[in-house]
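Novice: could you work out the structure for the sequence below:
(one chain, ligands or ions: 1)
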Amino acid sequence: MAGKIPEHVIEQIRSQSDIVDVISDYMQLTKRGRNYFGLCPFHGEQTPSFSVSQEKQIFHCFGCGAGGNSITFVMDIEHIPFPDALVKLSQRAGIPLEVELSSDQQTQSNPVSKKEQQMREAHAFAVEFYHHILMNTEDGEPALDYLLERGFTREQIETHQIGWAMPNWDTLSILLERKGFDLEEMADSGLIIQKESDGSYFDRFRGRIMFPIRDENGKTIAFSGRILNTDGEDAKYLNSPETPIFHKSQVLYNLDKARASIRKSRQVILMEGFIDVLAANRAGVYNAVATMGTSLTAQHITKLKRLVQQVTVCYDGDNAGFEAAKRAAQMLHDEQLKVEVSVLPDKLDPDEYIRLNGVEVFKDQIIEKPHAYIAFMMMHAKRGKNFQFENDTLQYIQEVLETLKGNTSPTERDLYIRQIAADTNISPEAISAQLRKLSADTVKEQKRSQAVLQTPSNELVTKERKRDATDRAERLLLAHMLHDVNVVNKVLKNGNNEPFIHEEYLAVFIRLIGFYEEYEMADFHRFVEVLNDAELRKIVMEAAYIDRDPEHGDAEITDCMRHIEKRRLELQIEQLIHKQKEAEKMHEHRRALEIAQEIIGLKRKITTGI
Ligand SMILES: [Zn+2]
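Specialist: Below you'll find the model as predicted:
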């Protein structure tokens, strides 16, 4: 296969991608004893059942059975095929990897990936081009002066590769064409636009300061362009449209650069605009990220949840910002994250506040003095209400109690109830009574919905139990096969082409035969990487780490095979008994007798030990 990655390179990348480091890039792990634990990213859960063994360089989830090594972890979490995961890890480990992915490896992985690859390359080129114009040409001077005046440092302009798009109509379009990019694809990437009248192309961004928007791996996937003169009719900021590589609902600006600081500080500052993030950077706040012109989504939260448990929301101080902050705080709180909210005064946004008050005041007064979640929700509930009016008072109490119920400790509840009482002149006892009633209603509601949920899960449990003994035998047999090529050869020599009952084990077995034909040695790490199916990887990893008895391996293997064979015969007998009854019902006595004979034969087989 042309373009195949050599085995020793795969081995090198695997050995230099420590599993704890790799997984920590995506989620939070805590060391307990010899292993690390965290919330499984592959199934929703509140208690950590995802465990990572540094010693064995594997991960395993007790909840959903997911498992593998550092390479398959990246495959699973990024939903990418093996070669792509390898490229990612090689970059991470700083190992040069020149892959010309063979065409079948590429089509196998993802038919659109070539187009997306082109889009990313074009963006990388545009970043360099715009940045060069800003830093090194006369055309870029006014923009550079403006940025420096606004407080940007040269270092920051370099780090974030900020650039300048000249006011001409087609500078970039011409360059992209000259570089051999397909202009239709480039139009899909958002960099250029096709004119409807004559089908020609022109640049989307003209006369704008260009801020590259990077994905979490640091690759530019979009731009935001700021106009230099705000007196015209054009919008102040122009963002790339939604494209195959830029999904606003998923991107968190600066996550690539903030990740290390987020992990270190164990918290993240969530902002509304990328300009705010850049301003916060100048204040020495490096763990800030921002959504890109969209409100917070579940996908954003999933990304944050993998990294931290604590989020500080720092949105604009105006009304819209305040409402958006409330919505974001609630969503994060509902996802069991610890939420605080930094509130800006005088309807300012973080960038404006920093320019007015300086970086130190921003850090001391805003970032380091956030409001606790409930305190913020009370503040929000109080807005625009007049406690002279009964309606406003009742609504305020209701809103705050909704937040309080079920979420707080008794002391917190007591504290906030006193505060509501002080705000409204209603007795703490009356407020407590109302909270109790509200909580009771909620419990009833929860019980009702739980009752609905419980029935199917019980069914699942009994199903699991039924297949236990055979499953164990199959798993143990597979374990021996994974560690010793000879076991597979022996089984095949005996003419047993289907040594397993369950289809998923058979599927693994068939692939294992193919693997041994190619590699001629046992290496389950390598084997699990060539499996495209995450379900099959689960089965392999489960088997790879169960206890085998290497001393009495042969005896164990024979036992397993006997048990599986016995079970197979039992299943055959069950089927025959069913057929026999059918035959009797149809008064086909001769046939029923034949079947009975067959059953006796099978039963004898079982008792004589096959
Ligand atoms: Zn899981």
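
Novice: every contact and neighbour count from this point should use C-alpha atoms.
Specialist: Noted.

Novice: flag the shaky bits of the protein, pLDDT-wise.
Specialist: For the chain, applying pLDDT under 70 flags the ranges 1-3, 98-113, 406-407, 445-467, 609-610.

Novice: count of neighbours near the closest residue to the ion within the stretch 451-600 of the chain?
Specialist: Ranked by C-alpha to the ion, the top residue of the stretch 451-600 of the chain for proximity to the ion is residue 538, at 10.7 Å. Applying other C-alpha atoms under 10 Å, we find 19 residues neighbouring residue 538.

Novice: my guess is residue 280 contacts residue 290, does it?
Specialist: No - between residue 280 and residue 290 there is no contact under C-alpha atoms under 8 Å: 11.0 Å.

Novice: looking at these two, which one has more neighbours?
Specialist: Remark: of residue 280 and residue 290, residue 290 carries more neighbours, 27 against 24, as counted by other C-alpha under 10 Å.

Novice: helices of the stretch 51-200 of the chain, start to end?
Specialist: With DSSP state H, counting those that start in this stretch as the definition, the stretch 51-200 of the chain shows helices at residue ranges 70-78, 82-93, 103-109, 113-136, 141-149, 154-159, 171-178, 183-188.

Novice: of the ones you listed, which approaches the ion most closely?
Specialist: helix 70-78 (11.7 Å).

Novice: is the closest residue to the ion within the stretch 251-400 of the chain in a helix, a strand, or coil?
Specialist: For the stretch 251-400 of the chain and the ion, the shortest gap (C-alpha to the ion) falls at residue 306, measuring 13.1 Å. Following DSSP: H, G, I helix; E, B strand; the rest coil, residue 306 is assigned to helix.

Novice: distance to residue 492 and mean neighbour count for the helices of the stretch 51-200 of the chain - can I get that in CSV?
Specialist: Converted to CSV, the helices of the stretch 51-200 of the chain look like this (distance: least, C-alpha to C-alpha, whole Å; neighbours: other C-alpha atoms under 10 Å):
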stretch, distance to residue 492, mean neighbour count
helix 70-78, 29, 21
helix 82-93, 29, 19
helix 103-109, 30, 14
helix 113-136, 40, 18
helix 141-149, 72, 15
helix 154-159, 60, 13
helix 171-178, 58, 16
helix 183-188, 51, 18
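
Novice: how about those in a markdown table, adding distance to the ion?
Specialist: Shown next, in a markdown table, are the helices of the stretch 51-200 of the chain (distance: least, C-alpha to the ion, whole Å):
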| stretch | distance to the ion |
| --- | --- |
| helix 70-78 | 12 |
| helix 82-93 | 20 |
| helix 103-109 | 24 |
| helix 113-136 | 28 |
| helix 141-149 | 47 |
| helix 154-159 | 37 |
| helix 171-178 | 45 |
| helix 183-188 | 37 |
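
Novice: would you tell me which of those helices gets closest to residue 482?
Specialist: For residue 482, the closest of the helices of the stretch 51-200 of the chain is helix 70-78, at 17.1 Å, according to C-alpha to C-alpha.

Novice: give me the contact list for that closest one.
Specialist: The contact list for helix 70-78, computed with C-alpha atoms under 8 Å, 6 or more residues apart in numbering, reads 14, 17-19, 22-23, 41-42, 57-58, 67, 80-82, 84-86, 89, 528-529, 534.

Novice: mind checking which of those residues are buried?
Specialist: Among these, those scoring as buried are 14, 17-19, 22-23, 41, 57-58, 67, 80-82, 84-86, 89, 528-529, 534 (criterion: 16 or more other C-alpha atoms under 10 Å).

Novice: in strands only, show me the residues you listed.
Specialist: Using DSSP state E, 58, 67 are the members of the buried ones among the contacts of helix 70-78 that sit in strands.

Novice: residue 583: how many residues sit nearby?
Specialist: With other C-alpha under 10 Å as criterion, residue 583 counts 17.

Novice: state the helix or strand in which the closest residue to it other than its chain neighbours lies.
Specialist: Among residues not flanking residue 583 along the chain, residue 592 sits closest, at 5.4 Å (C-alpha to C-alpha, 6 or more residues apart in numbering). Using DSSP states H and E, residue 592 sits in helix 589-607.

Novice: same deal with residue 226?
Specialist: Going by DSSP H and E, residue 226 is in strand 220-227.

Novice: can you report how many residues lie near the residue in the chain positioned nearest to the ion?
Specialist: Proximity to the ion, evaluated over the chain using C-alpha to the ion, is greatest for residue 64 at 4.0 Å. The local packing of residue 64 (other C-alpha under 10 Å) involves 14 other residues.

Novice: I figured it hits residue 43, correct?
Specialist: Yes - with contact defined as C-alpha under 8 Å, residue 64 reaches residue 43; the gap is 6.7 Å.

Novice: just checking, what packs against the helix holding residue 592?
Specialist: Under the contact criterion of 3 or more C-alpha pairs under 8 Å, 6 or more residues apart in numbering; DSSP states H and E, helix 589-607 touches helix 553-585.

Novice: next, the angle from the helix it packs on to helix 589-607.
Specialist: Relative orientation of helix 553-585 and helix 589-607, computed by axes from the mean of the first three to the mean of the last three C-alpha atoms, to 10 degrees: 160 degrees.

Novice: what about stretch 9-24, distance to the chain center?
Specialist: Chain-centre distance of stretch 9-24: 19 Å, with C-alpha atoms, centre = their mean, to the nearest Å.
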